[in-house]
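Participant: Could you work out the structure for the sequence below:
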Amino acid sequence: MPVVTTFVLGLLLAASAAFPPALAAKTAEAPPLARAVVTEAAGRLDDTLAAVARSAASLGAAYAALARDTAPPTPEERGRFLQNYAVKDGVVAFRDRQSPCGPEPAAEAPCPALLFYDGENFTDETFRQLSVLSRLGPAMAAAHDALPFSWVYLTTPGQNFAIYPYLPLAEAVGNYQPTEKDFYTAADFKGKACGWLSPYLDLAGAGMMVTVSCPVYDGETLLAVSSRDVTLAQLSSRVMADLAGIPGGRAVLMNRRGKAIAASDATVSAFIERENGKAGDAVVYFRADRGLAALGLEKGLASPDAALNQAGEEVVARHETDRENPIVFTQGRDAVLATRLAATGWYLVLLVPQKAAR
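Facilitator: Now for the predicted structure:
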C-alpha cells in the first residue's frame with residue numbers, strides 16, 4: 001500500500017471513531033485527525049491549482065516584457081508573414097517554413113501555432129502582435145514542459161492567438177472568436193487577477209477540464225489574456241487514488257453547485273465519463289432530485305450513488321451559511337467531511353463509514 005494511502009487511512013480510521021452513529025445529517029465537530037486528512041488532501045489539490053495559475057501569470061508577464069521590448073516588424077518580417085499563411089472560415093494560420101516542426105506541423109507538435117481570428121483584415125497592429133507572439137514560443141514551451149497539462153495559450157484583444165503545443169487550422173476554427181469565448185472572459189479583469197472557468201467537458205476527448213485565465217496589463221491597458229488548461233484527471237487522479245484505498249470510504253470533487261468533477265469510486269467515475277460524453281457536456285451532479293429541480297437543468301443527471309448525492313446536497317445547502325472549513329456532519333452511519341479549495345471554491349467531500357473503526 002502506498003505510504004500516502006497508509007497515512008490517510010490511519011488518520012481516517014482513527015478520526016471516524018469520534019463520530020457516533022446517526023440516521024440523519026447532523027452537524028459534528030471535526031476531530032483534529034479528521035481535519036488533518038481533508039486538509040492534507042485538499043492542500044495537494046490547491047498546490048497544483050496554484051502552480052498552474054502561477055504558470056499562466058508568468059507567461060503573461062513574459063508576453064508583457066516582449067511587447068515592451070519588441071520593435072515594430074520590419075517590411076521583410078511582415079513579408080514573411082504574408083507569404084506563409086492559410087485561411088479557413090475566417091481564421092488565419094501563419095506558418096513558419098523554418099520551424100523545427102516544419103511548415104505544416106502535426107497536431108500537438110512541440111511548436112506554437114500563430115492564428116488570427118479576423119480573416120485577412122490585417123493591420124499594422126496585427127503584424128506587431130505576430131512579431132511579439134513569434135518570440136514567445138520558448139516561454140510557452142518552457143511553461144508547458146514544467147507542468148505538462150494540456151494547452152498553453154495567449155489571446156490579444158485584437159484577435160491574435162498563440163497556442164502551444166501546435167493546434168492545426170482545421171481544429172483552431174472552433175475558437176472563433178476567441179475574445180468572446182469563456183476561456184477569455186473567465187479572467188478577472190476588474191481585479192486584474194487570474195480567474196477559473198467552471199469545469200467543462202473537453203470535446204476533443206480529454207475528459208473533464210478546467211481553465212485558468214490571467215489578464216495581462218501595461219498600466220491600465222489590457223495587452224492580452226494568458227490561459228492554461230488542465231484535465232481533471234491530471235489534477236486529481238493521485239489524490240483520488242490515495243483516498244480510494246480507505247476501506248469503505250468514498251471521495252468526490254465537486255463545484256459549489258454540486259457539479260461532479262471527479263470520484264474515487266470506479267463505477268461512479270465511469271458513469272460521469274460516460275454520461276458527460278453522451279451529452280457532449282458536463283451534466284452529472286452530486287445532487288438529490290430536489291436539488292437538480294431547483295437548478296432548473298434540463299440535462300442535469302444525479303450520480304448513481306444516492307449517499308454521495310445526499311452528501312452533496314447537504315454541502316451545497318451549507319455552503320452559504322456554514323463558514324467552517326471543513327464542513328463536518330454525520331449522515332446515517334457515515335461521517336462526512338467537505339473541504340473547500342481556496343483556489344476555486346470547489347469541495348473535496350469524503351464519506352467514511354463509522355464501522356470501519358470498529
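
Participant: mean confidence score for stretch 248-262?
Facilitator: Mean pLDDT, stretch 248-262: 91.

Participant: and residue 77, what element?
Facilitator: Element membership for residue 77, per DSSP states H and E: helix 75-83.

Participant: Using CSV, list the CA coordinates for the very next helix or strand once past that helix.
Facilitator: Moving toward the C-terminus from helix 75-83, the next helix or strand (DSSP H and E) is strand 85-88. Listed next in CSV are the C-alpha coordinates belonging to strand 85-88 (Å, rounded to 0.1, in the frame of the first residue of the first chain):
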residue,chain,number,x,y,z
TYR,A,85,-0.4,31.7,-44.3
ALA,A,86,-3.6,29.7,-44.8
VAL,A,87,-7.3,30.7,-44.3
LYS,A,88,-10.3,28.7,-43.2
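
Participant: Off-centre distance for the helix or strand that strand 85-88 is followed by?
Facilitator: Where DSSP H and E defines the elements, the next helix or strand beyond strand 85-88 is strand 91-94. Centroid separation for strand 91-94 versus its chain: 27 Å, with Cα atoms, centre = their mean, to the nearest Å.

Participant: just checking, what packs against strand 91-94?
Facilitator: Under the contact definition 3 or more Cβ pairs under 8 Å, 6 or more residues apart in numbering; DSSP states H and E, strand 91-94 sits against strand 85-88, strand 113-116, helix 169-172. The C-beta positions use only the backbone N, C-alpha and C, and glycine is treated the same way.

Participant: any idea of the mean pLDDT in it?
Facilitator: Here the average pLDDT along strand 91-94 is 96.

Participant: strand partners of it, parallel vs antiparallel please.
Facilitator: strand 85-88 (antiparallel), strand 113-116 (antiparallel) (DSSP bridges).

Participant: among those, which is the most enclosed?
Facilitator: strand 113-116 (a mean of 24; mean count of other Cβ atoms under 10 Å).

Participant: Using PDB, write out every CA atom in that one.
Facilitator: What follows is strand 113-116, C-alpha atoms only, in PDB (Å, rounded to 0.1, in the frame of the first residue of the first chain):
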ATOM      1  CA  ALA A 113       0.500  27.900 -33.600                       C
ATOM      2  CA  LEU A 114       0.100  31.600 -34.500                       C
ATOM      3  CA  LEU A 115      -3.500  32.400 -35.500                       C
ATOM      4  CA  PHE A 116      -5.600  35.500 -36.300                       C
END
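
Participant: Give the next helix or strand downstream of that strand.
Facilitator: helix 124-134.

Participant: Quick one: residues in contact with that following helix.
Facilitator: Around helix 124-134, the neighbours that count as contacts under Cβ atoms under 8 Å, 6 or more residues apart in numbering are 63, 66-67, 70, 72-73, 77-78, 81, 94, 96, 112, 114, 116, 118, 154, 156, 158, 160, 162.

Participant: returning to that earlier point: quick one: which of the strands paired with strand 91-94 is nearest residue 268?
Facilitator: strand 113-116 (36.7 Å; Cβ to Cβ).

Participant: Can you lay out the strands paired with strand 91-94 as TSV showing mean pLDDT and distance to residue 104?
Facilitator: Converted to TSV, these look like this (pLDDT from 0 to 100; distance: least, Cβ to Cβ, whole Å):
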stretch	mean pLDDT	distance to residue 104
strand 85-88	94	9
strand 113-116	96	11
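
Participant: Ok, which of those comes nearest residue 189?
Facilitator: strand 113-116 (22.3 Å).

Participant: So what touches the closest one?
Facilitator: 91-94, 96, 105, 122, 126, 130, 133-134, 159-164, 166-169, 172, 175.

Participant: any low-confidence regions in this structure?
Facilitator: 1-35, 203-205, 354-358 (pLDDT under 70).

Participant: So residue 65 belongs to a helix, correct?
Facilitator: Yes: the assignment for residue 65 by DSSP: H, G, I helix; E, B strand; the rest coil puts it in a helix.

Participant: Number of residues surrounding it?
Facilitator: Residue 65 is flanked by 13 other residues according to other Cβ atoms under 10 Å.

Participant: Pull the contacting residues for residue 351.
Facilitator: 249, 250, 251, 307, 308, 311, 331, 334, 335, 336.
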